[in-house]
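> Fold the following for me, if possible:
(chains A and B)
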Amino acid sequence: MADASTFSDLHEPQRRAASMAQGLAMSGVWDQDQAAVFVETLFGRHHGEIYAYLLRMLREPELAADLTQDAFIKAYRNYDTLERPENARAWLYQIAHRVALDEIRRRKIIRFLPWTGESPGSSPSAERLVMDAHLSGDLQRALARIPERQRAALLLAELHDLTGVELAAALGVSHVAARALLTRARENLRQALAIERVADAAAEAAADAATDAVPAKARKEPR
Amino acid sequence: MRLRGRPRRHPDHWASAHERARVRAAERLDAPLQADEETWLDAHLTECQWCRLIAAAYATDQLAIRRLREDTPQPPRDLWARTAAGIEREAAARGLPGRRDPRRPAASLPALGALSGIAVVALVVVAAAVSGGWFSEVGQVAVAPTAAPTLASPGGLPAATALAVAAERVHWLGAVENGTFAYNVADIRAVCQEDRRPDCAPFADENARRVTLIATPRFIFQSPIDNQAVVVGTDASGADAVLVVSLPASDAAPPQTASAAPDASGTPADSPVASPGVTSAAGSTDAPAPTPTSASTDEPVSTDASTPTEAPIGTDAPIRAPSEVPAATIAASPEPGPSESSGPEPSPGAIAIITDVVVVGRSASYSPDGAWFAFSARPSDGSAGPDIYVWHVGDLQARALTTDHVSVFASWVGGFVLGSRLSPDSADPAGPTGSIPPGEPDASAATDGQTGASVPLPTPPVPRPPTPTPPTPTQPVPTGDASSLADDAASPEASPLVEPTPILEWVPQTFLTDPWTGIELPLADAEWLPAVAPGGLVVVAWQGTVGLGPDGITAAPLSGNLVVHPFHGPGEDAFALSSPELSPGSSASIDASVLPSLLASISPSLLPTAVVSLSPLPPSAPVSPPTDAPASPLPEVLHDFPAQVVAAGPIADFDARWDDTGSWLALWIADPLDPGLGRLSLLHFDPFTGIMDRPPGAPQDVTALPGFSIGFGRLAWVSPPGQGGEGSRIQIAAWTPNEVGAIESIPVEGAIVIQ
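Residues are numbered from 1 along each chain as shown, chains lettered A, B, ... in the order given. Prediction:
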C-alpha cells in the first residue's frame, strides 16, 4: 500500500466513497477550474492504484510514473467527457489502460526498427532489474507472458476490484467480451505458470549441476 | 469482480466436454453459472480428475493474484508535482491560467476535512429523509446541499451548529402493525456537533413506506450493489427465518433534482454556505448551494406505496412499491427447496434460503462484491453446533461451507470467507475449567455427498447439515450441556452427557475459505471472529479463549481481549500446514489429494515472509490520543504496528465492524447481564500511524441494541426504548476527518437499522 488513496480504494464501497468526493467537483458545468479540482481529487484518491496498475502492466517504475502523469493530464483534458462522476474510477482506468496499450504498442514498433538504438523498453534498465527482483516470482513472469489485454483484464478484475461493468468500460469492450477475455486470461495464465515452473525446475537443476561441477574442477587445479 | 450474463456459447457447441468444463470453471470464478451449467460442471468435475486439477489451479491462481495486493508499489513522491505542472502546461496551452500551486499535494481526505471544517454552517441539523428512492446508489450522494432537510424542528428550536458531512444513507425499519413495517431512508448531510446536541432537533421518518414481511426481522442486511436484502428474523411459528427479499431498485426513482426548501428553522442564517467544506474544497467559490427542490413536491407518491405518515413531507420522486419492482433473480424462481415444505410460504419477491436452523452470531454479511451472503447457523433442534453457510445470489438455497459444527463466519476478506472454529486440540484437559473428550473425525461427515469431506474436528455429532434436508429430529441437547460439542460423535444415539461441566475453554482457530471451492487455508493467529477492515491491512479480533455460550452449543468469548492488529493473511507456514486439512467444498468437489501440490506451487515470493502472531497488549494499554495529520502529503500506510487492546475481557459477546474505508471501527459489546443490550463505541484507525483513537464527539459506550450499521461517513444504531413506553430512536453519528457529530430520530417503534 502506498498511500491513503491506495488504501481506501480497494473495495467497492470505497469506490462509492470516492465518487462522493468526486461529486464535490462535479456540479454539472464544465469549468477549467473545476477540471483542475476534479483531477486533483481524482489524483489524491486514485493515483496509487493507477500507478500500481501501470507498473504491473509495464514493469518499469519510472515509465509507470510518467504514464500515470500522462493519464491524469488526459483526464484533465477530457474532463468534460465524463458524464457521471460515479464512473470516474472506471473512466480513469480506461484512460490509463489506453495509455499503457499505446506505450506497449509504441515499444513494439520501436523494437522492430533496427537503427533507433535502445528505447526505454527495448532492454532491461537498472530499475527494471530491481523491479524484477522485487516482484520476482512465477506469477509475475507468467503474467508478463500472457497477452497484454488479458493481463489487463486479470489485473483490473482481481487486483483492482473493478466490477464487470467497470472492467468492460476500462477495457473498451462489451460486457461479454470482457468476460471472455477474463476466461482466456485465466487459462493462459495457468499454462504460463506451468511453463514458468518447468523453467524454474530446469534452472535449479542446471544450478545444482554447476555446483556439483565446481569441486571436481577445483580438485583438478592443484595438479 | 463479478460479471453477470449468459454464456455466449451454447453447451452443444463445445469442442469437448473438457473444454466446456475448463471454460465454465474459469467463468465460475467471475460470476455464478446458470443452475444447469453449475450442476453439469460439478458432475463433470467429479468424473474428470484433470478438469478438477485445472479448476483448482484457476482458484489457486486467483488467490495468488489477489495476494499481489500485499506488494503494492509506491508511486514517486513528486508525482503530483509533475502532474500538476503538466496540468499547468495544458492550461497554458489552452490560454487559461493555472489555478494553484502545483507543488501543493492533492486533496485527500484530510484536506477535504479541513476545508469542510472551515465552512461549517451555523444552523441546526439535517438528516433528510428519503430523497432519492429506496436503496438508491449511495455513492451518488453529493455533499452539496441538495438534500431536503425534512428534519422536524419543533417549536423553532434554537439552531445548533451543524456539522456538514458526506455520509452514506441510513436505512431502517419501524414497526407499524403485525407484519407491516415502515421503511425509511435518510440522507445525512449535516449533524449536530457534540457541544450542541441538546439543541439538535430529531428527525422524523416522514417518508416511510409500508412494507410487509412474513417474519419479524431481527437483523436486515442489504446487498452492497443492488436492491436485495437478507432478513434474519422469526416466523409465525417462532422459528428462525432467513429470507432474501427483493426491494425496489435504486433507479426506480427518478434522479433527485435538487431538493425541497430547507427546513423552516434551518435555513438562512444557519446555512448560507450550506456545505461549505465541499464548496471550498471544490474551489467553487462561496456561491450559495443550489436551492433545494424535491421532485416529489410535484409528483405524487405512488399509490401503491402507502406511507405510515399521512402526509409525506418533502418527499422525493415517486417510489415504486416492492411489488412493482422486477424481481431479482432469486425472486424469479421461488420454488421451495426440499426443506421449505414445512416452513412458511415465502411472500412474493422473497425466498427462504434456509430453514430449520437458528442463526448464530451477529457477523453475517454480504461479500464486498455482493455476490455472496455468509452467515452462521446451527440446527434448530440443538442437535449440533454451528456451521458457516453461504448463499450465492441466484441460488435457491444456502449451503454449508463447513460441516464440523464448530465453525462460525467472521468476516469477508475480499472474496474469501474468514471463519473461526474451535480448535480440535485446544481444549485444556489439564485446565481447571474442564476438558473436551477427544472426538474422532466423523466418517459419515467426511463422505457426505452434499458437503464433501470435512476437516477432522473434535465433535461432529450430526453428520448432515440442516439443509437442504431437514435434520432428523433427535433428542435435544440440554442447554449448557457440553456434550453437544463433545463425545456424541462416537455414538450419536448415546444419551447426552449428563455430568455437568461448568466451563469449557478452547483456543480458537481462524481460517480462510473460498466460497466457490471450499478450499481452506488455516491462519496462524488463534483468534475468534476476526473482522478484517476493507483494504486488508488491519483486523479486530478476540485474542484469547472461547467457551460455550448460553445455549450450550455455540461459542462465546471467555478470557482474553479484543485486539486491533495488522492482518497479514495466510502465511507460508499456513500453506504448508494446510495440506492435510484442505476441505473441498460442495461446489467443486475438488480432490484434496491434488491440492497440496497446487498450493505449494504458489511462489513463496507471493506470500508473506512471516506470519504475524501478536500477543494482546495488557488491558491497561492506553489508547493513544489523536495525532495530527502527517506532514508528508503522501504518507505511507503502515503494514506493521503494535497491537492495541480495544476492549478487555471478559465480555459476553461482541460485534465489531469497519466502515468502508477501513478507518473507522464500530464496536458493540454485549451487556453481560442482558445480551439484548450493549455498549457501542466508535474508534478511528489511522493507517499512517497505526493508532486507534476516539475523535471528539465519537460515541463511547453508548447503550445500543444489537445490529448497528456502519458505512461511509456514518454509524447508525438503535437506542433502547425509553421510559413511558416511548419507542427506540435511530441514532446516527456522522463524521468528517476531524470531528464526529450526531443526530437522532423521533421515537420509532420496533426500530431496526438495516446493515
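> which parts of stretch B:227-235 are buried?
In terms of neighbour count (16 or more other CB atoms under 10 Å in any protein chain shown), stretch B:227-235 has its buried residues at B:N227, B:Q228, B:A229, B:V230, B:V231, B:V232, B:G233, B:D235. Placement of C-beta: from N, CA and C, glycine included.
> Tell me which of these fall in strands.
B:Q228, B:A229, B:V230, B:V231, B:V232, B:G233 (DSSP state E).
> ok, which stretches of the stretch 1-150 of chain B are helices?
Taking DSSP state H, counting those that start in this stretch as the test, the helices found in the stretch 1-150 of chain B are B:17-28, B:35-47, B:49-66, B:79-93, B:109-118.
> Equivalent analysis for chain A, please.
Applying DSSP state H to chain A gives helices spanning A:4-8, A:12-25, A:32-58, A:61-77, A:88-111, A:126-134, A:138-145, A:148-154, A:164-171, A:175-220.
> between the ones in strands among the buried residues of stretch B:227-235, which is closest to B:A656?
Set against B:A656, the nearest of these by CB to CB is B:V232 (18.4 Å).
> re the thing from before, need the helices of chain A in TSV with mean neighbour count, distance to chain B and mean pLDDT, can you?
Formatted as TSV, these follow (neighbours: other CB atoms under 10 Å in any protein chain shown; distance: least, CB to the nearest CB, whole Å; pLDDT from 0 to 100):
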stretch	mean neighbour count	distance to chain B	mean pLDDT
helix A:4-8	27	5	34
helix A:12-25	25	3	42
helix A:32-58	26	3	86
helix A:61-77	22	4	91
helix A:88-111	19	10	84
helix A:126-134	13	8	54
helix A:138-145	21	4	84
helix A:148-154	23	6	92
helix A:164-171	22	4	89
helix A:175-220	15	4	80
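> Turn the ones you listed into TSV, columns for distance to B:A17.
Output for these, formatted as TSV (distance: least, CB to CB, whole Å):
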stretch	distance to B:A17
helix A:4-8	43
helix A:12-25	35
helix A:32-58	35
helix A:61-77	43
helix A:88-111	35
helix A:126-134	40
helix A:138-145	27
helix A:148-154	24
helix A:164-171	27
helix A:175-220	16
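> B:D686 is nearest to which of those helices?
helix A:4-8 (10.0 Å).
> To B:G535, which of the helices of chain A lies closest?
The nearest among the helices of chain A, by CB to CB, is helix A:4-8 at 5.1 Å.
> From B:I388, how far off is the nearest residue to B:D653 once chain neighbours are set aside?
Distances taken as CB to CB, 6 or more residues apart in numbering or on different chains put B:A670 closest to B:D653, at 3.8 Å, once the chain neighbours are dropped. Using CB to CB, to the nearest Å, B:A670 is found at 21 Å from B:I388.
> More neighbours: which of these two?
Counted by other CB atoms under 10 Å in any protein chain shown, B:A670 and B:I388 do not tie: B:I388 has more neighbours, with 28 against 20.
> Tell me if I'm right that the more buried one and B:S376 touch.
Yes - contact status for B:I388 versus B:S376: in contact at 5.8 Å, counting by CB atoms under 8 Å.
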